[in-house]
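**Q** here is a sequence with its predicted model. Questions after.
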Amino acid sequence: MRQKNNFAIVTIIVLCVAVALITFAILRTPTPHADTHDHVYTDQPEHGNHHEHELKLSGELVNGVRVVKIKARRFEFGPGTVVVKVGEKVRLEITSEDITHGIAIEDFGINQGLKPGKMQAIIFTADKSGNHHFHCSVYCGSGHDDMHGELIVLSD
Ligand SMILES: [Cu+2]
């Protein structure tokens, strides 16, 4: 009888472990479902061919001038990508939300300090097509080197 009882107990334990494993496996299956959602998100930019076709011109045209509002803060420009058309007159209206920053767009000979809370307008003609890097030109702390962006000048 003892041995039979032991056998029964062992069987119950084995069954419990099996049930636990199956439950664990079932609980884990939602992860692929969550992945499916992720795929939906990651697929969308691919369908839209993000890099080629989704470049919307930044800001708006005001009396023929492309006005783009930009916020500067530790440690980013928002938006970090500014898109304009070649030949356009551009007015960047940049406001620092925290401390003093700067913006340097070397390809256009621009280097301007940005005082906190004050809007600084930078006016230039986007006469060079292509991608032009810009960055913060006033040291603003540990993330200063990461504070940069891109001015994309689309050719016709
Ligand atoms: Cu900065």
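**A** Arrived safely.

**Q** tell me what Ala104 is bridged to.
**A** For Ala104, the beta-bridge partners under DSSP bridges are Asn111, His135.

**Q** just the pLDDT for it.
**A** Per-residue pLDDT puts Ala104 at 98.

**Q** so who does the closest residue in space to Pro116 that isn't next to it in sequence touch?
**A** Spatial nearest neighbour of Pro116, excluding adjacent residues (C-beta to C-beta, 6 or more residues apart in numbering): Ser96 at 4.9 Å. Heads up, the C-betas are built off the backbone N, CA and C, glycines and all. Each residue near Ser96 by C-beta atoms under 8 Å, 6 or more residues apart in numbering is listed here: Lys71, Ala72, Arg73, Leu114, Lys115, Pro116, Gly117, Lys118.

**Q** the residues you listed in strands, which ones?
**A** Lys71, Ala72, Arg73, Leu114 (DSSP state E).

**Q** my guess is the third one contacts Thr95. True?
**A** No - with contact defined as C-beta atoms under 8 Å, Arg73 does not count as touching Thr95 (9.3 Å).

**Q** separation between the residue nearest to Pro116 and the ion?
**A** Remark: distance between Ser96 and the ion (C-beta to the ion, to the nearest Å) = 8 Å.

**Q** now do Ser137
**A** 8 Å.

**Q** same deal with His101?
**A** Counting by C-beta to the ion - His101 and the ion are separated by 4 Å.

**Q** again with Thr81
**A** In terms of C-beta to the ion, Thr81 sits 17 Å off from the ion.

**Q** for the nearest residue to that residue once chain neighbours are set aside, give its distance to the ion.
**A** Leaving aside its sequence neighbours, Thr81 sits nearest to Glu150 (C-beta to C-beta, 6+ apart; 5.1 Å). Glu150 is 16 Å from the ion, where distance means C-beta to the ion.

**Q** poorly predicted segments of this protein, please.
**A** By pLDDT under 70, the low-scoring segments of the chain are 1-53.

**Q** run through the helices of it in chain order.
**A** 2-28, 30-47, 50-53 (DSSP state H).

**Q** that's all I had, so thanks and see you.
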